[in-house]
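K.L.:
after the sequence you'll find the predicted model.
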Amino acid sequence: MEESYAKRGYLLEDFRLFHLKDDRGTEMDAHYHEFHKLTYIISGGGGYVVEGRRYLVQPGDIILVGSRCVHKPEFAPGDLYERIVLYISPQLMKDSSAEDYDLNEVFSGKRGHVLRPGSEFRRSFLSLMLRLESELAGSAPGRVILSKCILLRALVELGREMDKNGTDLPVPVAAKDGKVLEILRYLDENLTADISIDDLAGMFYISKYHMMRRFREEAGISIHTYLSDKRLMLARDLMRAGASATDACFGCGFRSYSAFSRAYSKLFGSTPTGRGMTGSVLPDNMNMIE
């Protein structure tokens, strides 16, 4: 049976903040969100896998997971894990960007998914996060406007920090099998191509069964499901841009419209012509979305 991952949670607001503290650890499958996710680690340490790249993270680290990036936190039970988690709408980032600065670039992953800033920036950034938390929890007039201003300031300062020469952007822990990252890159660059498991194994000079096992262990997802769901997300983008469901189906590498329709409905909760769900309230159980 193929392994699978799910989109966890929806976001109706422009952004939402959670301040969490527990020692239960994180036991969940790889998954993705439609929204950007920022995590500031206050205490605790563990692993974090983003798009097949595993990082070792520590207090003061800022984890940046872009919309639709497959990810999985790996924190062991018993250690106090405190973090501030922000979920942010990509549309808010687009609407708030300017000609000289694209806020979505903060979550692009082009320079990595983990930032390890110096102590001065850590204190400043945490102060902004706590002020944002306080403002959101309050009832003062204009709190929505001021909260958005604090968020945007934090993201601009974060982007500037990432652009500084010498800023520490932790390198992912080397995969046990280096071919996994090569395979991920190849799949992302060839989503619409006719790709079979046998051809992929031959291309990378690796046993088919070894490749499937190592990919699942490193990326937290099977090759089949990774490729299928990425194609489905691309198909939905094409339909939103005006393409017919049929053109999107075959243009994204699916061979059967009925199989495409079933997979689309399973992933998005609607038929292709229904365009998928538009949103819902984030559940209170954070292990369902983190």
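P.N.:
Sure thing, it's come through.

K.L.:
endpoints of stretch 244-256, how far apart?
P.N.:
The distance separating the two terminal residues of stretch 244-256, taken as Cα to Cα, to the nearest Å, comes to 15 Å.

K.L.:
off-centre distance for it?
P.N.:
Mean-position distance between stretch 244-256 and its chain equals 25 Å (Cα atoms, centre = their mean, to the nearest Å).

K.L.:
now it: buried residues?
P.N.:
245, 248-249, 252-254 (16 or more other Cβ atoms under 10 Å). C-beta coordinates here come from the backbone N, C-alpha and C atoms, glycine included.

K.L.:
go on, stretch 232-247?
P.N.:
Taking 16+ other Cβ under 10 Å as the neighbour-count basis, stretch 232-247 is seen to contain the buried residues 232-236, 238-239, 243, 245.

K.L.:
most distant residue from the centre of the protein?
P.N.:
Ranking residues of the chain by C-alpha distance from their mean position (Cα atoms, centre = their mean) puts residue 141 at the top, at 33.3 Å.

K.L.:
ok, residue 33 to residue 252 distance?
P.N.:
Distance of residue 33 to residue 252, given as Cβ to Cβ, to the nearest Å: 21 Å.

K.L.:
meant to ask about residue 103, not that
P.N.:
Taken as Cβ to Cβ, the spacing of residue 103 relative to residue 252 amounts to 28 Å.

K.L.:
what is the neighbour count of residue 43?
P.N.:
For residue 43, the neighbour count with other Cβ atoms under 10 Å is 13.

K.L.:
and the nearest residue to it once chain neighbours are set aside, its phi and psi?
P.N.:
If you skip the residues right next to it in sequence, residue 43 has residue 82 as its closest partner in space, 4.4 Å away by Cβ to Cβ, 6 or more residues apart in numbering. In this entry, residue 82 is assigned phi and psi values of phi -110, psi 130 (degrees, to the nearest 10).

K.L.:
how about the residue nearest the centre of the chain, what does it touch?
P.N.:
Closest to where the C-alpha atoms of the chain average out (Cα atoms, centre = their mean) is residue 69, at 3.3 Å. Under the criterion of Cβ atoms under 8 Å, 6 or more residues apart in numbering, the neighbours of residue 69 are 32, 50-51, 109, 113.

K.L.:
and these as TSV, adding distance to residue 198, secondary structure and neighbour count?
P.N.:
Below are the contacts of residue 69 laid out as TSV (distance: Cβ to Cβ, whole Å; DSSP: H, G, I helix; E, B strand; the rest coil; neighbours: other Cβ atoms under 10 Å):
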residue	distance to residue 198	secondary structure	neighbour count
32	27	strand	22
50	29	strand	23
51	24	coil	21
109	30	coil	15
113	32	coil	25
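
K.L.:
residue boundaries of the helices in this protein?
P.N.:
If you assign secondary structure with DSSP state H, the helices in the chain sit at 90-96, 119-137, 143-163, 179-189, 197-203, 208-219, 223-240, 245-251, 257-268.

K.L.:
show residues contacting the longest one.
P.N.:
Yep, that's helix 143-163 we're talking about. 14-15, 62, 86, 88, 92-93, 96, 101, 103, 105-106, 111, 115, 117, 121, 124-125, 128-129, 131-132, 135-136, 140, 167, 169.

K.L.:
over to the second one?
P.N.:
Residues outside helix 119-137 that contact it (Cβ under 8 Å, 6+ apart) are 17, 19, 40, 42, 60, 62, 84, 86, 117, 143, 146-147, 150-151, 153-154, 157-158, 161.
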